[in-house]
Structures are given as C-alpha cells and as structure tokens.
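1. with the input below, show me the fold.
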Amino acid sequence: MKKLPFTFRLSLIPLIIISCSQAQKETPILTDGEWISLFDGETFDGWKEYNSDTINPKWQIEDGAIIVSKEGNTREKNTGFGKSIMTVEQFGNFELELEYKMSEGGNSGIMYHVVEDPKYGQDYETAPEYQVLDDEFSATETEPIRMAASSYDMFIPDPEKKKLNPAGEWNKVRLVYDNGRVEHWLNGLKVLEFTEGSHEWEEAYANSKFSRDFPDWGKSNTGHISLQDHGDYVAFRNIRIREL
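-> All right, here's what the predicted structure looks like:
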C-alpha cells in the first residue's frame, strides 16, 4: 500500500477529531443489546422540555442522575409546578426501566405516549402516568388511586405486593406497554396490570378526571416518555428502554 506523506497525514487529524465529535453529538443514545440507554449520566442529549426548545434550569444533572427542583427538598418547600422533560424520540410498545428517589412528601410522575402540541399546556393532558410519590408524607395525594405506582386516577396497585422505599432511597420502576396491555412494576414486583379499552378500563376512565377535563387523554398509542416537575425534589437514573 502506498504511504501518505507525513504532512498530509497530520492534516487529517483535525478532520478525524471533528468527525468523531459530530458523530457523538448526533448519536447520544447508547445501545446494549435490545436495551437503549435514554440517559448518558452527564448530558441532556436525547431530552427536551415539553413544548420548548430549551430546558429550564430547575432540571439539572448531578451524580449521574437527572434531578429537578433541588430547592424543593423538604415537606415545607415546593418550587411550583413546572414543565416536564421528555425524550426526543417516540415509542409505541416498550419496556422502560429507571430508578428514582425523592424528598419527603414529594410528587412526580412518569408519562408515556405523550403528544407534544402547543394546544396542550402540559404532557398529562394526553398521556397516562405511572405515579411517583412519597406516600408516607404526601399532603397532596392521599387516595390509593393517586399514590405511588398507580396508573394515576385510573388504577390502584396491589397493596400486598407494593413495597415502596421511603423518601431519600432509590426505588426501581419497570413500565411495560404492549399493544394496550400495561404492567406497573415496583422494586422487582408487578403491582398492577390492566388492558386499555377493556370494560374495566372504560369504567375507570369514565370515573376519572381525564374524561371530564382532557378529551385527548389516552388516545395515542405512540409518543414521548416524560418526567414530571411537580415542584418537589426528585432524581432519576439508570433510564433505559427497549421496544417490543
């Protein structure tokens, strides 16, 4: 093979560095078998704020976790309801895993099949929610249908299987959506299962606030994954997904 002149080879180095840098920016999501990491532990690559081109400074990255409302870290403090951040990519059938911890009395949520449109003020107007809550000290949500691991305002998790770690400790979530069949897992145990469109689901929907207040709720079977800013401190880490 003919060798390139040394000076020419040197001139290629900046191009290689630039090319590698651009490739890293364009492909922030790393794959591991079937699983896709949604968070690299260092940047918001692959995430955006709902209906915005920027991310509010309330959202930060600390110790390999996405955190929000750091100042709202006690029961006496709440920084006010903000905007969720969501994945840039959309998903239909999926299996999602992540870990979270929060302040005493904290409130947040994980939403899926989020529809982004300026006509909606918040992601929850279209998206079902896996409720994230400190049940023990919550002052805002006291009904089981709105407590941790519930399908918010729709279905109650099995109290015999639900083992929620206290505020300040990590809890592991697994959320499955497969052609309308939904599973909520908490700390290794399946605590809730239901099927969209079933008689049970239709009855729950009719009795929920969504049927009264949000006519487009739950109508999409594909969309973004979002993390909610409810004004309380919460941290999320080890966020990964695989499509089914």
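
2. for the nearest residue to Asp158 once chain neighbours are set aside, what are its contacts?
-> When the adjacent residues along the chain are set aside, Asp158 lies closest to Val191, with 5.0 Å between them (C-beta to C-beta, 6 or more residues apart in numbering). From N, CA and C alone the C-beta is placed, and that goes for glycine too. Applying C-beta atoms under 8 Å, 6 or more residues apart in numbering, one finds that Val191 lies in contact with Ala149, Pro157, Asp158, Lys161, Lys162, His184, Trp185.

3. narrow these to just the buried residues.
-> Applying 16 or more other C-beta atoms under 10 Å to the contacts of Val191, the neighbour count classes Ala149, Pro157, Lys162, His184, Trp185 as buried.

4. from those, pick the one nearest Gly231.
-> Sorting those by distance to Gly231 puts Ala149 at the head of the list, at 20.6 Å, by C-beta to C-beta.

5. any idea of the pLDDT on the closest one?
-> The confidence metric pLDDT takes the value 99 at Ala149.

6. hmm, His184 and it touching each other?
-> Yes: in terms of C-beta atoms under 8 Å, Ala149 counts as a neighbour of His184; the distance is 5.3 Å.

7. please, which helix or strand holds Glu200?
-> Secondary-structure assignment from DSSP states H and E places Glu200 in helix 199-206.

8. give me the helices and strands touching the next helix or strand after that helix, please.
-> Proceeding C-terminally, helix 199-206 gives way to helix 209-213 as the next helix or strand, assigned by DSSP H and E. In terms of contacts (3 or more C-beta pairs under 8 Å, 6 or more residues apart in numbering; DSSP states H and E), helix 209-213 is not packed against any helix or strand.

9. so which elements touch the next helix or strand after helix 209-213?
-> Using DSSP H and E, the helix or strand that follows helix 209-213 in sequence is strand 224-227. Helices and strands touching strand 224-227, by 3+ C-beta pairs under 8 Å, 6+ apart, are strand 85-87, strand 107-114, strand 234-243.

10. okay, the buried ones among the contacts of Val191 in CSV with secondary structure and distance to Glu116 next?
-> Supplementary listing: the buried ones among the contacts of Val191 in CSV, determined by DSSP: H, G, I helix; E, B strand; the rest coil; distance: C-beta to C-beta, whole Å:
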residue, secondary structure, distance to Glu116
Ala149, coil, 26
Pro157, coil, 28
Lys162, coil, 31
His184, strand, 24
Trp185, strand, 27
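
11. list the contacts of the nearest residue to Ile55 once chain neighbours are set aside.
-> Setting aside the residues directly before and after it, Ile55 is nearest to Glu49 in space (C-beta to C-beta, 6+ apart), at 4.8 Å. Residues near Glu49 by C-beta under 8 Å, 6+ apart: Ile55, Asn56, Trp59, Lys83, Ser84, Ile85, Met86.

12. buried subset of those residues?
-> Counted by 16+ other C-beta under 10 Å, these give Trp59, Lys83, Ser84, Ile85, Met86 as buried.

13. great, nothing more from me.
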